[in-house]
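Visitor: Fold the stuff below for me.
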Amino acid sequence: MDREKIYATIDGDEEGNRLSNFYNYFMMITIIISLIPLAFKNGNMVFTIFDKITVVIFIVDYILRYLTADKKLAKGALSFLLYPITPMAIIDLMSILPSLTILSSSFRLLKMFRLLRTFRVFKAFKMVRYSKSMSIIVEVIKKQKTALLAVGTFALGYVLIAALVVFNVEPNTFNNFFEAIYWATVSLTTVGYGDIYPVSTAGRLVTMVSSFIGIAIVALPSGIVTAGYLEEIKTDKENIDDEVD
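Guide: Predicted coordinates for the structure are as follows:
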């Protein structure tokens, strides 16, 4: 199989490409199987076998994608240097490394590499590549990044200001500024855990204002993403209709 066919199989966007569709479903199933052991505290032989088999599949997938990097990035030989630092390639690598890190417990200095085990959750992010709906959402976020960044900046600014205000209004309630930031974040998102809360009238007024503003701020990105998602689906449908015609 030449590189053109390999690329069309592992990263094809063409409708009706059965081999590509099969590959996508196969990888989705593999990712789901690889995540099953993470839901259990204690491992066993079956989970070990799952891990070994799935990591081999991930390695093969990574190699195939690297070999066809020039088809994906369209930058010639430079593509092979750029591909390893692309977001999805990094996620792929981070999902593989933990399974390859087998270290002896006698080397205390090397124990810090066990932190790589936490990167196993990156396997879940691999689903973005194989799910059309997730791919559309990623595309929407890319196109709406300016608006989302503006909302995020506003939210961050308000959290810091609200934290600063309440920290000075109720110095006895908050031991440090981080606790005030934590309260402001929880209050802004209207979650309200209730583990830290103002007791004075002024502090409660700040909380009320923060909650009302939080409703508006949380609603903004939801509206932006929803509108972008519907627009993307409409565009995708129009493209399909044009191809049929």
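
Visitor: Point out the other helices and strands that the helix or strand containing Lys72 packs with.
Guide: Assigned by DSSP states H and E, Lys72 falls within helix 69-73. Other elements packing on helix 69-73 under the criterion 3 or more Cβ pairs under 8 Å, 6 or more residues apart in numbering; DSSP states H and E are helix 3-11, helix 79-82. Where you see a C-beta, it was placed from the backbone N, CA and C, and this is true even at glycine.

Visitor: The same query, at a cut-off of 10 Å, please.
Guide: helix 3-11, helix 45-67, helix 79-82, helix 87-100 (3 or more Cβ pairs under 10 Å, 6 or more residues apart in numbering; DSSP states H and E).

Visitor: could you dump the ones you listed to JSON lines with mean neighbour count?
Guide: JSON lines is the format used below for the helices and strands packed on helix 69-73 (neighbours: other Cβ atoms under 10 Å):
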{"stretch": "helix 3-11", "mean neighbour count": "16"}
{"stretch": "helix 45-67", "mean neighbour count": "15"}
{"stretch": "helix 79-82", "mean neighbour count": "14"}
{"stretch": "helix 87-100", "mean neighbour count": "17"}
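
Visitor: how about the ones you listed, which one is nearest Ser222?
Guide: Of all these, it is helix 87-100 that lies closest to Ser222, at 23.4 Å by Cβ to Cβ.

Visitor: Where does pLDDT dip in this protein?
Guide: For the chain, the stretches flagged by pLDDT under 70 are 1, 12-16, 101-124, 239-245.

Visitor: The residue lying farthest from the centre of it and Met208: what is the separation?
Guide: Of all residues in the chain, Thr201 has its C-alpha farthest from the mean position, at 40.2 Å, by Cα atoms, centre = their mean. Thr201 sits 11 Å away from Met208, going by Cβ to Cβ, to the nearest Å.

Visitor: Please apply the same query to Lys75.
Guide: Taking Cβ to Cβ, one finds Lys75 at 54 Å from Met208.

Visitor: Output the helices and strands packed on helix 69-73 in JSON lines; the columns should cover distance to Ile213.
Guide: Output for the helices and strands packed on helix 69-73, formatted as JSON lines (distance: least, Cβ to Cβ, whole Å):
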{"stretch": "helix 3-11", "distance to Ile213": "43"}
{"stretch": "helix 45-67", "distance to Ile213": "44"}
{"stretch": "helix 79-82", "distance to Ile213": "42"}
{"stretch": "helix 87-100", "distance to Ile213": "32"}
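
Visitor: What is the lengthiest helix in the chain packed up against?
Guide: Among the segments of the chain that qualify as a helix by DSSP state H, the longest is helix 201-244. Using 3+ Cβ pairs under 10 Å, 6+ apart, the elements in contact with helix 201-244 are helix 132-143, helix 145-169, helix 177-188.

Visitor: Show me what the first one is packed up against.
Guide: Right, the one you point to is helix 132-143. Using 3+ Cβ pairs under 10 Å, 6+ apart: helix 132-143 touches helix 127-130, helix 145-169, helix 201-244.

Visitor: repeat that with 6 Å
Guide: helix 201-244 (3 or more Cβ pairs under 6 Å, 6 or more residues apart in numbering; DSSP states H and E).
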